[in-house]
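[1] Sequence first, predicted model second:
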Amino acid sequence: MARFAVVLFLSLVAAGQTYAASITNTDSAAVVIVLTVGGNKMQLVLDPGASKTFCASGCFITAPDGDRIGLDGGETIDIVKGSAVVK
């Protein structure tokens, strides 16, 4: 249920936005990304090969390896061996 709520929230945030960050899990296992928007934290679970669009106007993510990354929206992020690679 919580996963559904996060997906719904992220869908609503991304709806109508053409300038948003996207993330793809290239690993063979699911990963958990902590997304912080306006001081509110939520977990984003990405299955292997899954992609999500989020963060239309600034946010932070905490990658599976613990790195915290600030985003403006518009970045493309790949999860590779548990690390976030921002393009």
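    The structure has been received and is ready for your questions. Just so it is clear, the structure is predicted and the values come from calculations on it, not from any experiment.
[2] Could I get the contacting residues of Arg68?
    60-62 (CB atoms under 8 Å, 6 or more residues apart in numbering). All C-beta atoms are positioned from the backbone trio N, CA, C, and that covers glycine.
[3] Can you pull out the low-pLDDT segments for the chain?
    1-18 (pLDDT under 70).
[4] try 80
    1-19 (pLDDT under 80).
[5] Report the central residue of it.
    Ile23 (5.4 Å; CA atoms, centre = their mean).
[6] these two touch, right, Leu71 and Cys59?
    Yes - at 5.5 Å, Leu71 counts as touching Cys59 under the criterion of CB atoms under 8 Å.
[7] just to revisit the earlier point, Ile33 is in contact with the residue nearest to the centre of the chain, correct?
    Yes - using CB under 8 Å, Ile23 makes contact with Ile33 at a distance of 6.7 Å.
[8] Identify the contacts common to the two.
    44, 46, 61, 79, 84.
[9] So which of these wins on neighbours?
    Top of the shared contacts of Ile23 and Ile33 by neighbour number is Ile61, holding 23 neighbours under the definition other CB atoms under 10 Å.
[10] The closest residue to Ser28 other than its chain neighbours sits in which helix or strand?
    Setting aside the residues directly before and after it, Ser28 is nearest to Pro48 in space (CB to CB, 6 or more residues apart in numbering), at 5.3 Å. For Pro48, there is no host helix or strand (DSSP states H and E).
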